[in-house]
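Peer 1: Next comes the sequence, and after it the predicted model I'd like to discuss.
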Amino acid sequence: MSPKTIIAPSVLSADFSRLGEEVEAVCEAGADWIHLDVMDGHFVPNITFGPPVIKAIRDRTDKIFDCHLMIEPAERYLGAFAVVGCNIITVHAEATTHLDRSLQAIRDLGCKAGVSLNPSTPETVIEYVLDRLDLILLMSVNPGFGGQDFIPSVFDKVARVRAMIGARPILIEIDGGLTPETAPLVARAGAAVLVAGSAVFKGGREAYAGNISALRTAADEPRLAALGSR
Ligand code: DX5
Ligand code: ZN
């Protein structure tokens, strides 16, 4: 388990008119991963971008591209996201008919496999695919938009998923409404990766490094303390 909390800025909150420069800036500011929110206007009530845009920004950094597919169906597009350089591909359990097969397909493409659960989805839906997973992305907002408030009921789910994982090498990622106030709570419960859009991109480029540092500092100590007590 990495001693440092992984911070994955969501580019949904970046300046889309300068996305390549924004990726470079947030990486220079300390981002560990780049979180790519792909939305289709069907599974979620918003439309963002697809493989061509990801291809256009891939060479701006060698950091991990963490691709969050909020699309339905997802299966037929997995190869298109892998070939443009996504390192992690996460599908929603609610958007896939055959989750086990989709996760195998992601790994067969050479990518890390993730599943995402909406706030109302119980963690039991993934109990039979744990050995297909490298990442579990727990939504702490209803997917579709940045800048929403954290949904507190997700705190308990983080702890339950942590217990369900046991010693498996699976990362828990939390996505939505994360700030230096909510980050420690999910970190203590077992989250290793924090996605943040508005909390990172607020205040302009000169604020990115301080915003990232504030999130990591708020999360590291409680997460390491919780790890030590396990
Ligand atoms: C929402 C996305 C999140 C969102 C996070 O559907 O999956 O990644 O962009 O934005 P904030 O951190 O502003 O809630
Ligand atoms: Zn996301």
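Peer 2: That came through, no problem. Ligands and ions are numbered 1, 2, ... in the order given.

Peer 1: Give me every residue in the chain lying close to ligand 1.
Peer 2: 10, 12-13, 35, 37, 68, 70, 141, 143-144, 146-148, 175-178, 195-199 (Cβ under 6 Å from any ligand atom). Quick note: C-beta positions are derived from backbone N, CA and C, even for glycine.

Peer 1: of the residues you listed, buried ones?
Peer 2: Among those, those that count as buried by neighbour count (16 or more other Cβ atoms under 10 Å) are 10, 12-13, 35, 37, 68, 70, 141, 143-144, 146, 175-178, 195-199.

Peer 1: quick one: the longest helix along the chain to chain centroid distance?
Peer 2: In the chain, with assignment by DSSP state H, the single longest helix is helix 205-229. Relative to its chain's centre, helix 205-229 lies at 16 Å (Cα atoms, centre = their mean, to the nearest Å).

Peer 1: same for it, what does it pack against?
Peer 2: Contact here means 3 or more Cβ pairs under 8 Å, 6 or more residues apart in numbering; DSSP states H and E; on that basis helix 205-229 packs against strand 6-9, helix 19-28, helix 183-189, strand 193-196, helix 198-201.

Peer 1: Let's see the longest one as PDB, backbone CA atoms only.
Peer 2: Same thing as helix 19-28. The C-alpha coordinates for helix 19-28 follow below in PDB (Å, rounded to 0.1, in the frame of the first residue of the first chain):
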ATOM      1  CA  LEU A  19      -7.000  20.900 -21.900                       C
ATOM      2  CA  GLY A  20      -3.400  19.800 -22.900                       C
ATOM      3  CA  GLU A  21      -1.900  22.700 -21.000                       C
ATOM      4  CA  GLU A  22      -4.200  22.000 -18.000                       C
ATOM      5  CA  VAL A  23      -3.000  18.400 -17.900                       C
ATOM      6  CA  GLU A  24       0.700  19.600 -17.900                       C
ATOM      7  CA  ALA A  25       0.000  22.200 -15.300                       C
ATOM      8  CA  VAL A  26      -1.800  19.900 -12.900                       C
ATOM      9  CA  CYS A  27       0.900  17.200 -13.300                       C
ATOM     10  CA  GLU A  28       3.600  19.800 -12.500                       C
END
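
Peer 1: what's the longest helix of the chain in contact with?
Peer 2: For helix 205-229, the surrounding residues in contact (Cβ atoms under 8 Å, 6 or more residues apart in numbering) are 1, 3-5, 7, 9, 25-26, 28-31, 178-181, 183-192, 194, 196, 199-203.

Peer 1: What of stretch 136-145?
Peer 2: 12, 39, 43-46, 68, 70, 90, 92, 114-119, 126, 148-151, 154, 157-158, 161, 165, 170-178, 182, 186, 191, 195.

Peer 1: if you set the cut-off to 6 Å instead, what comes out?
Peer 2: 44-46, 70, 90, 114-119, 148, 150-151, 154, 157, 161, 170, 172-177 (Cβ atoms under 6 Å, 6 or more residues apart in numbering).

Peer 1: show me what contacts whatever residue of the chain ends up closest to ligand 2?
Peer 2: Using Cβ to the ion, the single residue of the chain nearest to ligand 2 is residue 68, 3.8 Å away. For residue 68, the contact set (Cβ under 6 Å, 6+ apart) comprises 37, 90.

Peer 1: Can you pull the phi and psi angles for it?
Peer 2: phi -100, psi 100 (degrees, to the nearest 10).

Peer 1: Just the pLDDT at it, thanks.
Peer 2: The model reports residue 68 with a pLDDT of 98.

Peer 1: what do you get for residue 226?
Peer 2: As predicted, residue 226 sits at a pLDDT of 83.
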